[in-house]
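Visitor: pasting the structure only:
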């Protein structure tokens, strides 16, 4: 691939291309091998996305039934408290009206969300199919070109573009970030009792950011100027969160003793609204979501659940943080106590391990929409970018020299091209501009 780029820079026209030596042109055999390597991966991605659609539909159907059943139980409870017959009849009429409105609004909203995600996955499948067809045709053409240097060069350039598109779709073409600047912004508000500890951040599509303040047991909404504009309380310590839809997050809430919950919170215009809860017997210290699947870490295991709270599988032991690749084929697991970052296949098989002396006490892993992997080193006071495939450190993006003192969380905002760092016992978030 490097050879073709060098040749392209040296050549300014077809006449000059013909003067390039055979060694300067791309090895077509190697290009053919690259295509043959990519094609089954694209097919696997397509199959995986088709499975995701089925899983998503099943998960949301289950979610609908749970929400409806909860309302029915509430209604039955209300009816049971009414002793007089005429009161029951009046209450029953009101309840039927409430249920009718609910089914038209809440369930319709869920259905619309499923349709949106399903359409997005369907577009990805169509793109995969098109890329497979294009690469297959180019592969056949390369075999027939022979020694025609001009045709070889043109075909190779087209292959390069298609391969790059394929790598991007597979989440393997993420560029290394370059830091352009930084700024700090306070997230402490007047009724906070303690110094803010930001255990998690989530960037919304419009540039706003949700942050968890563990010390004050709050979820806070920060606008595009990084000012807190809304907040809501939670019942225990909010330890982690992830987006489940474009305007809803699942928050891992735990007090280590008897409260182990996932609390769903929605951003409704400029306000935060609490929704349903899932309660568990095990601890909930980390949560990640991918197309209808919830991945929840306790201190002893990684569990996979449906959005309705149904256990699907137990995947791994001893995790203290996790994130999922954009297409759901990889899980990234932080082992804080053993100072490791592990890359797992979707079935829990360990694919790669990163142990780096410059990354002591990893506290958080975050995957960008393009598949780039960011890791916080709490004890080493660093933010690093890691290769998504081989789990090797690519670059240290920020250190204590950049005011990173106790990093506990990081997320990337595509809207502002920056990543947001939350720190322990520090009233500010650090916004680092990158490109």
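Guide: Good, I have the coordinates. All values reported here derive from a predicted model rather than from experimental measurement.
Visitor: Regarding residue 357, what is its secondary structure?
Guide: Under the three-state scheme (DSSP: H, G, I helix; E, B strand; the rest coil), residue 357 adopts coil.
Visitor: Then residue 127?
Guide: Going by three-state DSSP: residue 127 is helix.
Visitor: Between the two ends of stretch 289-300, how far is it?
Guide: 19 Å (Cα to Cα, to the nearest Å).
Visitor: List of residues touching stretch 225-235?
Guide: Stretch 225-235 is touched from outside by 185, 187, 189, 209, 217-223, 251, 253, 259, 261, 263, 265, 270-274, 429, 431, with contacts defined as Cβ atoms under 8 Å, 6 or more residues apart in numbering. C-beta here means a position set from N, CA and C on the backbone, and glycine is covered the same way.
Visitor: and these, which of them are in strands?
Guide: Counting by DSSP state E, the contacts of stretch 225-235 place 185, 209, 218-222, 251, 253, 261, 263, 265, 271-274, 429, 431 in strands.
Visitor: which of those count as buried?
Guide: 185, 209, 218-222, 251, 253, 261, 263, 265, 272, 429, 431 (16 or more other Cβ atoms under 10 Å).
Visitor: quick one: which of the residues you listed is nearest to residue 240?
Guide: Residue 240 has its nearest neighbour among those in residue 251, at 7.5 Å by Cβ to Cβ.
Visitor: burial of the residue nearest to residue 299 when sequence neighbours are not counted, as a residue count?
Guide: Leaving aside its sequence neighbours, residue 299 sits nearest to residue 283 (Cβ to Cβ, 6 or more residues apart in numbering; 5.9 Å). When counting by other Cβ atoms under 10 Å, one arrives at 20 neighbours for residue 283.
Visitor: gap between residue 283 and residue 344?
Guide: Plainly put, residue 283 is 20 Å away from residue 344 if you go by Cβ to Cβ, to the nearest Å.
Visitor: Residue 197 now?
Guide: Counting by Cβ to Cβ, the gap from residue 197 to residue 344 is 28 Å.
Visitor: do residue 380 as well
Guide: Taken as Cβ to Cβ, the span from residue 380 to residue 344 is 23 Å.
Visitor: hmm, back to that, between the buried ones among the ones in strands among the contacts of stretch 225-235, which is closest to residue 414?
Guide: Using Cβ to Cβ, those come closest to residue 414 at residue 209, 12.2 Å.
Visitor: give me the beta-bridge partners of the closest residue to the closest one other than its chain neighbours?
Guide: Leaving aside its sequence neighbours, residue 209 sits nearest to residue 222 (Cβ to Cβ, 6+ apart; 4.5 Å). Beta-bridge pairing for residue 222 (DSSP bridges): residue 209, residue 228.
Visitor: please begin residue numbering at 27 from this point
Guide: Let's use 27 as the start, then, which means that last one is residue 248.
Visitor: Would you confirm that residue 248 contacts residue 236?
Guide: Yes - with contact defined as Cβ atoms under 8 Å, residue 248 and residue 236 form a contacting pair (7.4 Å).
Visitor: Contact partners for residue 204?
Guide: Counting by Cβ under 8 Å, 6+ apart, residue 204 has contacts 460, 461.
Visitor: For residue 267, see how far away it is.
Guide: Note on residue 204: its distance to residue 267, by Cβ to Cβ, is 28 Å.
Visitor: tell me the average confidence for the helix or strand containing residue 166?
Guide: In this structure, residue 166 sits in helix 111-171 according to DSSP states H and E. On average, the pLDDT along helix 111-171 is 65.
Visitor: returning to what we had before: would you double-check that the residue nearest to residue 325 falls in a helix?
Guide: No - using three-state DSSP, the assignment for residue 309 is coil, not a helix.
Visitor: Check what pLDDT it gets.
Guide: As predicted, residue 309 sits at a pLDDT of 94.
Visitor: likewise residue 440?
Guide: For residue 440, the predicted pLDDT is 88.
Visitor: That one contacts residue 394, doesn't it?
Guide: Yes - applying Cβ under 8 Å, one finds residue 440 in contact with residue 394, separated by 7.4 Å.
Visitor: what about these two, which has more around it?
Guide: The neighbour comparison of residue 440 against residue 394 (other Cβ under 10 Å) goes to residue 394, with 21 against 12.
Visitor: what separates the nearest residue to that one once chain neighbours are set aside from residue 382, distance-wise?
Guide: The shortest distance from residue 394 to any non-neighbouring residue, by Cβ to Cβ, 6+ apart, is to residue 438 (4.3 Å). Residue 438 sits 20 Å away from residue 382, going by Cβ to Cβ.
Visitor: And for residue 76?
Guide: 37 Å.
Visitor: again with residue 288
Guide: 31 Å.
Visitor: Neighbour count for those two, which is higher?
Guide: Neighbour count, other Cβ under 10 Å: between residue 288 and residue 382, residue 288 has more, with 25 against 20.
Visitor: which residues sit in contact with the more buried one?
Guide: Contacts of residue 288 by Cβ under 8 Å, 6+ apart are 276, 277, 278, 279, 303, 304, 306, 310, 313, 320, 322, 335.
Visitor: Lowest-confidence entry in the residues you listed?
Guide: residue 335 (90).
Visitor: before we move on, back to that, just the buried residues out of the contacts of residue 288, in ChimeraX syntax.
Guide: Command for ChimeraX, covering only those of the contacts of residue 288 found buried under the criterion 16+ other Cβ under 10 Å:
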select :276,277,278,279,304,306,310,313,320,322,335
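Visitor: Which of the contacts of residue 288 sits closest to residue 421?
Guide: Nearest member of the contacts of residue 288 to residue 421, counting by Cβ to Cβ, is residue 313, at 27.6 Å.
Visitor: For that closest one, which three-state class applies?
Guide: strand.
Visitor: Identify the bridge partners of the residue lying closest to it once chain neighbours are set aside.
Guide: Nearest residue to residue 313, sequence neighbours excluded (Cβ to Cβ, 6+ apart): residue 278, at 4.4 Å. Beta-bridge pairing for residue 278 (DSSP bridges): residue 266, residue 288.
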